[in-house]
Structures are given as C-alpha cells and as structure tokens.
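> coordinates only, sequence not included:
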DNA sequence: ATACGGTGTGTAATCGGTTTCATATAATTT
DNA sequence: AAATTATATGAAACCGATTACACACCGTAT
C-alpha cells in the first residue's frame, strides 16, 4: 500500500505538494500536478482516510440511529439517507437501538469515539440531556420525529396532527359514520399528535366516544389485537384509522378474519406510506415524504457540518393522502 | 477532549504506561493502574479511535453490503449481524448496493480506504475478480449466498435445493396435484438452486410440464404478474412454490384477486422466512435461519480477522419448513 | 531601483495513539 | 554471591496524512 511519501519521492516533490494537489488547496504548478497525477495512477495510490481524519480533517462518516430496522419505515429512511450521504461522499454507520435508551447511549458514545462528523437520530425515547455529550464535542445532530429546540440540533417532523385529521376527513368523505382509531405508544410525540388530530376531527360528531380509541404499539400484532378489541366493543364501526401502517395491516387482518369486508363493510387507513404492496386490498395511508425526509436530514446535517448559517432548526413536512383500495367505494 | 498525554501527566507516568494499561498488555503495577484509572475517571478520558487505528490497530468497523435494504430479508440479516458485531465491539457500515455492480465496486473502494477490518457481502452480482482489491489488502471477506471457493473468503449459504424439494414435498403432502413455480432471477445461484430443487421434486410426476414455471424477479409485483400468467396457462393449478416470500406474497394477492381461495383452492408457499405477519392467510415458507446466518457470518469474520485457523470456508445451513395457513387444509 | 503581491515549493510540527527497545529493580535460581 | 528471570517504566520512533511557516521566484506598480 503506497503512501503519500512514496508518491512524493517518485514524483520528485515534497509531501506537502502532493497533499496540496490532493486537496486542491494551495498552489501547485501545472507540471507538478501532472507528474503527481501520473505517479498516483501508476502506484494506484489512495490516501489513507484514517490518517487524514487524525490530521484534523473529518471522517466523512455519519451515524444513523434508528429505533427498529425491522419496521419497513426505517429501511426506507435509511436508504434515502444513504443515497444522499453517498452524494456528499459520506458513509453511514447503522445503529439499531431497539428503542432501548441504554443502547442508544452506548451508540452515542461509540459514535463520538469514532469521531463521526454528524449524527441523524430517529428515536422515540431520546431526551435533550442524552445529547450533551454530542454537544460537548460539537458534533452536529439532526433529529427526526422528536422535536426539542436548540441551536445545534435540527429537528425534522411531519404534520402528524393534520395527518390524523386528514385520515378522518377522508374516511368521512368515503361515507364512514363510525370511525375507530388505533393509536400508537403515548410516549411518542408524533404518535400523540396523530391521535390528537383524530380526536380533533371527531369532535362534535354525534357518534364519537372515547372507547373508539384502541391503544397499541406500532406493531402488526398490536394492531391486530387492538382491532379485535374494538370490534368487540363496537361491532358496527365502519372505519378505522391506525397511527401507522403496520398496525393498519394488523387491523386489516383482524377484520378479514372476522369476515368484515374491507372496504365494503369497514374502511381502513394507516399512516407512514411504507409500500406494503403485498396487502389485499392495498392500504390507504397518510404518507410521509420519506425519501425527502431522509434527503433533507442529510442536507441539513451537511449544512451543520459545514457550519452554514442558513439551516432551519425546525422543519415540518406535509403529509399526503394516498387513497388505495382499503378506503375506496 | 483530554488525550493520553494529559492522563499520563496527571498520573505521573509515561504515555507508554497508560497505553499498556488501556490495552491490558505489558506490565503495569497495581499502584500505577489505580492512579491511571482515577485520572481517566476524573478527566472522563476516552481514547481516540482514529489515532488508535492509525497506529496500526484495527478500526473495529466492518462493512456490510446488501443488495436491497428494502427487501425485509436484509434488515433482518443486518440486525443479526449488527447484534453480533456489537458483542465483539464492532460497528457496522451499511452499504446498499442496489444490485448495481458499479456501486458495489465503489463501496469496496470506500471500505478499503476507510480500512474496515472486514466485510460481509451479500450480493447476487459479485464475482471473484471484484474482490482482488480486498485480497490485496488482505481484508477478510464473508460472502453470503454466493459461493466461490478461496482460502480467505468464507461463504455461507443455505440448502436451497433441498428447500425447493421440501416445498414441493410439503405441497404434495397437503394434497396438491398440480404445482406451479415462480422462480427468481436465473443469474442468482441460490435462485437457480431453489428452482432445481423444484424441478427435481417434480420429475416423474405425470402433471409436470415446463410451462408450470414462471420467471420473475424476487419482487412482490413480479410475483403477482407471474402468478397471473400462470393462472392463464393453468387455471387448474392447486399449488404454488415461489422462490422467495415477496413473490409468494404477490402470488397470494393475484390469487385472491382472481377469486381463488387460499389455501382451499390453491396452496402457496414461499422461501426465506421473513416475518410477513400482516398477510392473510399467513404464508407458509421454507425458512432460512436468518439470525443464525448473520451471527455465523460475524463469528466467521471475526475468526478471519483474528487469523484463527479453524474457520470453515464453506458453510451450508439447513432450511426448515414453516407451515402456516397458506398451505394448511 | 525598490517594494510588493501572487505563485510555487519544502521543512518540520502536529494529530493521538502504539510499540520497540533500553534500562532499572525485585524476586528466583543455581 | 552471581546469574537469571520477571516485573515495571520511559524515551522515542512510527502510523500517514495536513498545514503553518519560511523561502524563492516572478511580474508589476511605485
């Protein structure tokens, strides 16, 4: 493995000149540049990133913390972030936290030690005080789905509340007259907001009662169970809004197993917009702009890393209704 | 951020001693150890990983290349690998290659430059010559789902052929008398093997004809289309074996849309064993031991990194039938 | 003719660790 | 008592880059 010294020797210049050539800063004459280029080609020289990092430059690596890579939402997010990272020449370290605060802390420590240039955190559980270590190292952070204001921390969210309202509105438009809701963990801000949207949209209707809300956990199984419970309480419900697509899928399954036809008898809508194309009927959903979220997260992180000043610290993205078979007449 | 020098000064010993203490090699007296420990605690010192790596130690980072993180199989694999990596104190760099050979090459270059200690590659497209760069740097590689013998390259696969046979056998046992097959890309070894298993198991039966095999691409949509085509050719088929679960899910959807009852009219079985619990009926499958595959991949990689000599270069794992509703009477 | 700013280059310090080697002392052997 | 051996430590080289600084050269404005 040739080093910069080998290149400098063979090119008959100093390492400083080679370094300047590599980084395109400082002056390098045309002739020197050409010779260096040839030698690099000949030796198939590649600068050692580790040494580069140590010498004060950045690691060109970012950390990505997600709560659950098995939830299809996060691979989609990861993919968009990775794509964007690649464009900037960055590599992504994947950290699956399992919604476990201790694991989260451990990962943050690791990422600090590995000197990543920035971190994108998607977490339900994280709190401002967990980020003090990062702030001490002034490692930029972009937070997804979890807002708390701070200068060096950018937050990205979607209009969860409006999404909840949108879902109900759509179900009403499709003729539903008794809509149940399967909500996610109440510890999660975005989950609470979606439910708030649901409640707000239901306020004032004559059919609404709190027992139309089932409490669940963002999983297929949880959605299934919640739906079964709701059906027992309200056999005549004709619409369901689940706070994420996985629970909606579970609800769909429960409905089908209990011989409710979807969408004829009951209409179902989820939230997230992950592509669960294998479902029959396909699931209507309030879609998050996942790809754009990832891309923006990376863009903002790069902005923070480069200390650009025009980074919006709190960005809220709109959601859109994707009407599919599960709510169509 | 304190350095080893700060520690050594405050502890009144040399950096060498601190380093020995940190790495638990060489002699360090009890007293020195205690003092150092105190100082480290007091300063909240953490060794700089970059510097460590440069000084010749390893980066404690591995690369994981997967063809498509959106296919649920790979998040599952990634998770098991990450879990195992964590146990060994390693971090994982995620590389999504999109089945794109160029992207693959670029990632390999990047990983070499970042001096990862090893790479786990799950790829359909990779060829031995693509790994020469890695071998030149003697970076250990564990290959999944793609065997080509070599000393420094460990391959992990599953019994794809037997799996194919197992699937047919199961469908026959459940009373099927005309079984179709949706096969995956023929460029993929494991895909070909599954199909070979299918063909072998069908050989000699009076109903088998080559047109019972539909050619597809491992996606839900592909499975859906292939199923539709097969139904047009063979309206009376009563069993389907798809070479992966996503295609099986697509097939299921196609069958349901064309008013075939699963499992009563047609039985469906997939391959992989990803948890598509949202399907109704739930999908029978020939399950790969995904978690174990990931764990073993990591174990083997660590073995290679540590230059242990007892690493099996080619490991083939058994698959198991997971019978669910989609094939039960 | 002198001074100055723009080019171009090399020397050497630096980043924060690991490790070789020399040296010193204490504990065992012979 | 002398010779080993085990224990303990520090000085300094090294890993492979970046970069501050000094210096040299050239053209041009004063």
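That came in fine, so what should we check first? In this text, all values refer to a predicted model and were calculated from it rather than measured experimentally. Residues are numbered from 1 along each chain as shown, chains lettered A, B, ... in the order given.

> Which residue does the stretch 51-200 of chain A have closest to chain B?
residue A:94 (4.1 Å; CB to the nearest CB). For the C-beta atoms, the positions are set from N, CA and C on the backbone; glycine is no exception.

> ignore the last one, the stretch 101-250 of chain A
residue A:249 (3.6 Å).

> quick one: which helix or strand includes that residue?
Assigned by DSSP states H and E, residue A:249 falls within helix A:245-257.

> Tell me the helix or strand right after that helix.
strand A:267-272.

> Run the chain-centre distance for that following strand.
Centre-to-centre, strand A:267-272 and its host chain are 19 Å apart (CA atoms, centre = their mean, to the nearest Å).

> Repeat that for stretch A:94-107.
Stretch A:94-107 has its average C-alpha position 15 Å from the chain's average C-alpha position, going by CA atoms, centre = their mean.

> buried ones in that stretch?
For stretch A:94-107, the neighbour count (16 or more other CB atoms under 10 Å in any protein chain shown) marks A:94-97, A:99, A:103-104, A:107 as buried.

> Stretch A:218-236 too?
A:218-220, A:222-231, A:234.

> pLDDT of it, averaged?
Mean pLDDT, stretch A:218-236: 97.

> And for stretch A:172-190?
Mean predicted lDDT for stretch A:172-190 stands at 95.

> Show the end-to-end separation of that stretch, please.
23 Å (CA to CA, to the nearest Å).

> Contacts only, for residue A:105.
By CB atoms under 8 Å, 6 or more residues apart in numbering or on different chains, the contact list for residue A:105 reads residue A:130.

> Residue A:22 - nearest residue in space that isn't next to it in sequence?
Closest residue to residue A:22 apart from its sequence neighbours, by CB to CB, 6 or more residues apart in numbering or on different chains: residue A:47 at 6.0 Å.

> So the one you found belongs to a helix, correct?
No - Residue A:47: not assigned to a helix; according to DSSP: H, G, I helix; E, B strand; the rest coil it is coil.

> Can you verify my assumption that it contacts residue A:4?
Yes - between residue A:47 and residue A:4 there is a contact under CB atoms under 8 Å: 6.8 Å.

> which residues are common contacts for the two?
Joint contacts of residue A:47 and residue A:4 (CB under 8 Å, 6+ apart) are residue A:22.

> Helices of the stretch 201-329 of chain A, start to end?
A:220-233, A:245-257, A:290-305 (DSSP state H, counting those that start in this stretch).

> can you put those in CSV and add distance to DNA strand D?
Below are those laid out as CSV (distance: least, CB to the nearest atom of the strand, whole Å):
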stretch, distance to DNA strand D
helix A:220-233, 49
helix A:245-257, 45
helix A:290-305, 14
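
> want to try a markdown table for those, with distance to residue B:322 as columns?
Listed next are the helices of the stretch 201-329 of chain A as a markdown table, based on distance: least, CB to CB, whole Å:
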| stretch | distance to residue B:322 |
| --- | --- |
| helix A:220-233 | 17 |
| helix A:245-257 | 18 |
| helix A:290-305 | 30 |
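
> of all these, which lies closest to DNA strand C?
helix A:290-305 (18.4 Å; CB to the nearest atom of the strand).

> Now do the closest one: which elements does it pack against?
Applying 3 or more CB pairs under 8 Å, 6 or more residues apart in numbering or on different chains; DSSP states H and E, one finds that helix A:290-305 contacts helix A:73-87, strand A:118-122, strand A:141-144, strand A:153-158, strand A:314-317.

> Wait, residue A:124 touches residue A:143, no?
No - contact between residue A:124 and residue A:143 fails when scored by CB under 8 Å: they sit 11.3 Å apart.

> Looking at these two, which one has more neighbours?
Taking neighbours as other CB atoms under 10 Å in any protein chain shown, residue A:124 and residue A:143 compare with residue A:143 leading, 25 against 19.

> Now do the contacts for that one.
A:120-123, A:126, A:153-156.

> now swap in residue A:19 and tell me
Counting by CB under 8 Å, 6+ apart, residue A:19 has contacts residue A:4.

> Return the distance of it relative to residue A:126.
Applying CB to CB, to the nearest Å, the value for residue A:19 to residue A:126 is 39 Å.

> same thing with residue A:68?
From residue A:68 over to residue A:126 (counting by CB to CB), the distance is 14 Å.

> Neighbour count: those two, which is higher?
residue A:126 (22 against 18).

> Poorly predicted segments of chain A, please.
Counting by pLDDT under 70, chain A shows low-confidence ranges at A:147-152.

> sorry, back to before: now go through the buried residues of stretch A:94-107 and say which are in strands.
A:94-96 (DSSP state E).

> Please enumerate the helices of the stretch 51-200 of chain A.
Going by DSSP H, counting those that start in this stretch, the stretch 51-200 of chain A shows helices at A:73-87, A:101-113, A:132-136, A:160-173, A:189-202.

> quick one, which of those is nearest to DNA strand D?
helix A:101-113 (16.8 Å).

> now that closest one against helix B:73-87, angle please.
80 degrees (axes from the mean of the first three to the mean of the last three CA atoms, to 10 degrees).

> Skipping its backbone neighbours, what lies nearest the most centrally placed residue in chain A in space?
Closest residue to the average C-alpha location of chain A: residue A:77 at 4.5 Å, with CA atoms, centre = their mean. Once flanking residues are discounted, residue A:77 sits nearest to residue A:294: 5.1 Å by CB to CB, 6+ apart.

> Can you name every helix or strand that the helix holding residue A:249 contacts?
Using 3+ CB pairs under 8 Å, 6+ apart: helix A:245-257 touches strand A:179-183, helix A:220-233, strand A:239-242, strand A:267-272.

> mind giving me the domain split of chain A?
As given by automatic domain parsing, the domain ranges for chain A are A:4-47, A:61-158+A:290-317, A:160-288+A:322-327.

> okay, those domains, which one's buried deepest?
Of all the domains of chain A, domain A:160-288+A:322-327 has the most neighbours on average by mean count of other CB atoms under 10 Å in any protein chain shown, namely a mean of 21.

> How far does that one stretch from one end to the other?
First residue to last in domain A:160-288+A:322-327 (CA to CA) measures 20 Å.

> how far does that domain sit from the chain's center?
22 Å.

> List the contacts of residue A:28.
A:17, A:20-21, A:36.

> so is it in a helix, a strand, or just coil?
Residue A:28 ends up coil, using three-state DSSP.

> So it versus residue A:112, what's the distance?
35 Å.

> do the same with residue A:242
37 Å.

> swap in residue A:158?
Taking CB to CB, one finds residue A:158 at 29 Å from residue A:112.

> same question, residue A:210
Residue A:210 is 45 Å from residue A:112, by CB to CB.

> Would you mind listing what in the stretch 1-150 of chain A touches DNA strand D?
Proximity of the stretch 1-150 of chain A to DNA strand D (CB under 7 Å from any atom of the strand) is limited to residues A:1, A:3-5, A:15-16, A:18-20, A:22-23, A:25, A:46-48, A:50-52, A:54-57.

> What about DNA strand C: which of those residues touch it?
Within these, those near DNA strand C by CB under 7 Å from any atom of the strand are A:15-16, A:20, A:51, A:54-56.

> Taking their axis directions, the helix holding residue A:249 and helix A:220-233 sit at what angle?
50 degrees.

> For the spatially closest residue to residue A:303 that is not a sequence neighbour, which residues are in contact?
Once flanking residues are discounted, residue A:303 sits nearest to residue A:311: 4.4 Å by CB to CB, 6+ apart. With contact set as CB under 8 Å, 6+ apart, residue A:311 has these partners: A:154, A:300, A:303-304.

> Just give the nearest non-adjacent residue to residue A:89, would you?
Per CB to CB, 6+ apart, closest to residue A:89 is residue A:60, 5.8 Å.

> Good, wrapping up.
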